[in-house]
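**Student:** Sharing a model that was predicted from the sequence below.
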Amino acid sequence: MAFILTRINVGDYERWKPMFDQDTPGTRAEAKGHRILRNADEPNEVFVMVEFASVGEANAGREKLLASGVLDRFENKTDPKVLEEAEQVIY
């Protein structure tokens, strides 16, 4: 299992969310699912975690996302990182 994790200050969450849902870059086409987390103190800062079956699929999704330029409109962001699951503990 692998993930793309991106942090973005979207400026206006309610305006950003419908654009995210369109998935214009096709980043989530091969994804197993995704999560959007919002900073409790700054709700326009979001963390997007997209889950993939493999690192290869996550890297391909990351390349689509970067090539699309959709992140270029945000000044305050962290470029997407591809992460592998090291451990999962569920309580």
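**Tutor:** Now that the structure is in, tell me what you want to look at.
**Student:** how close does residue 36 get to residue 6?
**Tutor:** Noted for residue 36: a distance of 10 Å to residue 6, by CB to CB, to the nearest Å. Using the backbone N, CA and C atoms, a C-beta is placed for each residue, glycine as well.
**Student:** Common neighbours of the two, please.
**Tutor:** Common neighbours of residue 36 and residue 6, counting by CB atoms under 8 Å, 6 or more residues apart in numbering, are 47, 48.
**Student:** ok, the two, which is more surrounded?
**Tutor:** residue 6 (19 against 13; other CB atoms under 10 Å).
**Student:** where do the strands sit along the protein?
**Tutor:** Taking DSSP state E, the strands of the chain run over residues 2-9, 33-38, 45-52, 77-84.
**Student:** who wins for proximity to residue 65 among those?
**Tutor:** For residue 65, the closest of these is strand 77-84, at 5.8 Å, according to CB to CB.
**Student:** so how far is residue 16 from the residue nearest to residue 8 when sequence neighbours are not counted?
**Tutor:** Nearest residue to residue 8 in three dimensions, chain neighbours excluded: residue 77, at 4.5 Å (CB to CB, 6 or more residues apart in numbering). Using CB to CB, we find residue 77 at a distance of 12 Å from residue 16.
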